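Novice: what's the 3D shape of this:
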Amino acid sequence: MAGRPALLLLLLPLLASLAAGAAIGGSAEAAEALGWRAEPAEAAAGGLNATVSTEVEFGVCTVTCGIGIREVLLTSGCPGTEAKCIVRVEECRGPVDCGWGTPISEDLACVKMPCIYIRPENRFKYVWKMLILNKTALILPNDSAIMEVCRDTHSVTFQCETQENGNIIASVKYTVYAKTEMQTKKSRRTETGQSRRTTTDAILVFCLATGIIVTVSVIFAMIFMILHWAAVKAIWKSKSGQDNQDKKLANKRSLCNME
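Specialist: Numbers count the residues shown, from 1 in each chain. The predicted structure is shown next:
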């Protein structure tokens with residue numbers, strides 16, 4: 001009976017360590033059940049060092065103004081033998097003012113103009129304005145990313161501001177010409193195209209005629225030489241002989257002068 005208290009005192013530390021181990025095991029099982037996984041301290045430290053030592057390079061922005069996207073490249077630690085690999089794609093910003101834009105489509109009646117944005121387009125707010133010379137711009141009720149307007153009797157300038165959280169991140173302007181101006185421009189383009197076509201045709205005709213004349217002349221010269229080859233040969237020989245005689249006389253004169 002006296003030895004039982006001593007035995008209990010010896011067993012208490014063992015029971016405490018077993019209880020702690022069971023608690024730790026239960027926590028690990030619960031963590032695995034929740035999808036968590038504990039990593040060794042060395043692995044965690046290695047992962048931290050790898051994160052710190054990685055080098056990141058930013059790709060070229062898809063736009064020179066407004067808002068666009070760019071690639072973020074990893075230059076070390078890529079899988080396999082790849083020197084660079086894409087980590088993610090992020091937004092990039094350029095100057096707000098994008099100047100004059102190009103409509104999506106236009107004809108003699110209407111023009112369709114886009115604002116500057118990236119998807120999803122409903123993330124931004126669009127403010128369309130009609131710019132009036134020496135007056136305050138008129139804000140239009142249209143708040144969509146694309147606006148279609150029909151031509152009037154006079155030209156009108158529109159501007160679209162793309163806003164995010166109350167800040168302007170992009171701005172672009174369009175000029176919608178009047179119907180009469182578009183008709184005049186179209187007629188001028190037609191006349192210019194016709195004049196260029198006429199000039200090109202004249203040059204081609206001149207080159208073709210010159211080529212034909214030169215070719216015919218060469219053919220006639222070859223035919224003449226073939227038909228009168230003997231006479232041509234005699235003329236060539238006589239010319240060669242005359243040249244030789246002239247050379248001899250020149251040599252004799254030079255010798256006489258030397259004497």
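
Novice: which residues in this protein form strands?
Specialist: Counting by DSSP state E, the chain has strands at residues 56-58, 67-74, 85-93, 97-100, 105-106, 110-114, 125-131, 138-139, 146-150, 156-164, 167-176.

Novice: so which of these gets nearest residue 214?
Specialist: strand 105-106 (49.5 Å; Cβ to Cβ). All C-beta spots, glycine's among them, are computed from the backbone N, C-alpha and C.

Novice: so which of the strands of the chain is nearest residue 196?
Specialist: Judging the strands of the chain by Cβ to Cβ, what sits closest to residue 196 is strand 105-106, at 23.5 Å.

Novice: need the contact partners of the closest one.
Specialist: Contacts with strand 105-106, where a contact means Cβ atoms under 8 Å, 6 or more residues apart in numbering, come from 111, 112.

Novice: if you set the cut-off to 10 Å instead, what comes out?
Specialist: 111, 112, 113, 148, 151, 174, 176, 177, 182 (Cβ atoms under 10 Å, 6 or more residues apart in numbering).

Novice: what stretches of the stretch 151-259 of the chain score poorly on pLDDT?
Specialist: 183, 185-195, 241-259 (pLDDT under 70).

Novice: 80 instead?
Specialist: Scanning the stretch 151-259 of the chain with the threshold set as pLDDT under 80 gives 182-199, 201-202, 225, 227-259.

Novice: quick one: the helices in it?
Specialist: 179-227, 229-258 (DSSP state H, counting those that start in this stretch).

Novice: still on that earlier bit, in ChimeraX, select just the buried ones from the contacts of strand 105-106.
Specialist: Only the buried members of the contacts of strand 105-106 end up in this ChimeraX selection, burial being decided by 16 or more other Cβ atoms under 10 Å:
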select :111,113,151,174,176,177,182
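
Novice: what's the closest of the contacts of strand 105-106 to residue 216?
Specialist: Relative to residue 216, and with distances defined as Cβ to Cβ, the nearest of the contacts of strand 105-106 is residue 182, at 50.7 Å.

Novice: before we move on, the earlier item: residue 212: which of the contacts of strand 105-106 is nearest?
Specialist: Looking across the contacts of strand 105-106 and measuring by Cβ to Cβ, the closest to residue 212 is residue 182, at 44.6 Å.

Novice: dump the strands of the chain to a markdown table, plus distance to residue 207.
Specialist: Listed next are these as a markdown table, based on distance: least, Cβ to Cβ, whole Å:
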| stretch | distance to residue 207 |
| --- | --- |
| strand 56-58 | 54 |
| strand 67-74 | 49 |
| strand 85-93 | 52 |
| strand 97-100 | 41 |
| strand 105-106 | 39 |
| strand 110-114 | 43 |
| strand 125-131 | 51 |
| strand 138-139 | 57 |
| strand 146-150 | 48 |
| strand 156-164 | 47 |
| strand 167-176 | 42 |
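
Novice: now stretch 127-147: average pLDDT?
Specialist: Average pLDDT, stretch 127-147: 94.

Novice: which of the residues in it are buried?
Specialist: Under the neighbour-count criterion of 16+ other Cβ under 10 Å, stretch 127-147 has 127, 128, 129, 145, 147 buried.

Novice: report the separation between the first one and residue 95.
Specialist: Using Cβ to Cβ, to the nearest Å, residue 127 is found at 18 Å from residue 95.

Novice: same deal with residue 181?
Specialist: Residue 181 is 30 Å from residue 95, by Cβ to Cβ.

Novice: those two: who's more crowded?
Specialist: residue 181 (15 against 12; other Cβ atoms under 10 Å).

Novice: nearest residue to the more buried one in space, please, no chain neighbours.
Specialist: Excluding its sequence neighbours, the residue lying closest to residue 181 (Cβ to Cβ, 6 or more residues apart in numbering) is residue 155, at 6.3 Å.

Novice: partners of residue 168 in the sheet?
Specialist: For residue 168, the beta-bridge partners under DSSP bridges are residue 163.

Novice: that one contacts residue 129, correct?
Specialist: No. Contact criterion Cβ atoms under 10 Å: residue 168 and residue 129 do not qualify, at 11.6 Å.
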